[in-house]
Every structure is written in C-alpha cells, then in structure tokens.
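Q: A predicted structure for the sequence below; I have some questions about it.
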Amino acid sequence: MSKPPQITIYTDGAAQGNPGPGGYGIVLKSGRHRKELSQGYNHTTNNRMELMAVIVALESLKIPGSNVTVYTDSRYVADAIEKGWVFEWEKKGFKKKKNPDLWMRLLRVLKNHKVKFKWVKGHSNNPENERCDMLAVEASKKPGLLKDTGYINNDAENGSLF
C-alpha cells in the first residue's frame with residue numbers, strides 16, 4: 001500500500017465591490033506536478049470567493065486520504081477551521097452565520113483528506129499567494145461570469161430581491 005500523497009494548495013479570493021464581480025485563484029502542487037485553477041462570478045463577496053477557492057481545490061483532488069496543507073490569506077477561512085469555530089456553527093445549524101451553503105460544502109469535502117490550514121499574510125511577496133491573487137482578479141474581470149446562486153439565495157432569504 002502506497003503512502004498518500006502530500007499536496008500543497010494555495011488559494012485566494014477577490015471581489016471588486018464586495019459584493020460585486022469576484023473570482024478565485026488556486027495553485028495545487030505535489031512533487032513535480034502543478035495545476036492552476038480559477039473562476040469568476042458576476043455578483044459575490046470576497047469571503048465567498050475565499051471559501052470557494054478552498055472547496056474547489058479540495059474537490060479537485062483525485063486521491064482520497066491525501067495529506068493536504070492549504071495556504072490562505074483569509075483569516076476567515078483559516079481561523080474558522082483551525083480554531084474549530086465552524087464545527088460549533090455546524091452544531092447550531094449555522095444560525096446567523098453567513099455563507100452556510102459554502103461552509104457545509106467545505107465540511108463535506110474536508111472529510112475526504114487530512115487537511116491543515118496555514119494563514120499567510122496577503123500581498124507579502126509570497127509568489128504562490130501572489131499568483132493566486134492575480135488569477136482571482138483576472139477571473140473576476142472575464143466575460144461570461146457565473147452566477148453565485150448561493151449568494152443570491154442568501155440575499156433572498158434576508159429580504160433583498162437582488
């Protein structure tokens with residue numbers, strides 16, 4: 001039986017306007033392998049894109065049980081997981097918490113791997129974090145942006161029509 005792979009993931013999210021057009025950027029690395037992913041959305045928030053980046057990165061992994069280190073400049077994401085807050089939110093049904101759809105999706109995919117989160121200071125010359133930032137911003141400016149239906153649905157639940 002072979003040892004599960006060690007995978008390093010860098011993620012970043014961006015939104016122009018918050019809410020506004022947004023995107024995420026991802027760099028996945030394992031040994032000599034490297035892959036970049038990005039996607040833009042027409043109306044979303046920075047925090048949703050930070051979460052989406054981590055979710056998509058983990059969902060893209062092909063080998064269950066991988067040892068994963070996620071580097072993010074989002075304290076929102078890193079602290080919620082590493083300090084255990086999200087598990088308390090889950091017990092309370094995410095009452096009065098933003099982005100429950102994405103937190104639930106992240107919790108589902110976390111169970112597939114051994115994941116550690118490391119916070120990195122954004123815009124501090126970390127080449128992979130800078131690359132993710134560039135991918136996220138570029139993705140937010142592309143034509144044909146996707147709809148962030150979770151954000152739209154959360155707004156509708158709070159009485160907003162758009």
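A: Okay, I see it. Just so you know, these numbers come straight off a predicted model, no measurement behind them.
Q: what ranges do the strands span in this structure?
A: 6-15, 20-30, 33-44, 67-72, 114-119 (DSSP state E).
Q: deepest of those, which one?
A: strand 6-15 (a mean of 25; mean count of other C-beta atoms under 10 Å). C-beta coordinates here come from the backbone N, C-alpha and C atoms, glycine included.
Q: I'd like to know which elements that strand is packed against.
A: Here strand 6-15 touches strand 20-30, helix 46-59, strand 67-72, helix 127-140, going by 3 or more C-beta pairs under 8 Å, 6 or more residues apart in numbering; DSSP states H and E.
Q: partner strands of the first one, parallel or antiparallel?
A: According to DSSP bridges, strand 20-30 forms sheet pairs with strand 6-15 (antiparallel), strand 33-44 (antiparallel).
Q: Kindly report the same for the third one.
A: The strands beside strand 67-72 in its sheet (DSSP bridges) come out as strand 6-15 (parallel), strand 114-119 (parallel).
Q: For that strand, report the contacting residues that lie outside it.
A: For strand 67-72, contacts defined as C-beta atoms under 8 Å, 6 or more residues apart in numbering pick out 4-12, 50, 53-54, 57-58, 61, 78, 113-120, 126, 128-129.
Q: tally of neighbours for residue 84?
A: For residue 84, the neighbour count with other C-beta atoms under 10 Å is 10.
Q: how close does it sit to residue 117?
A: 12 Å (C-beta to C-beta, to the nearest Å).
Q: All set, thanks.
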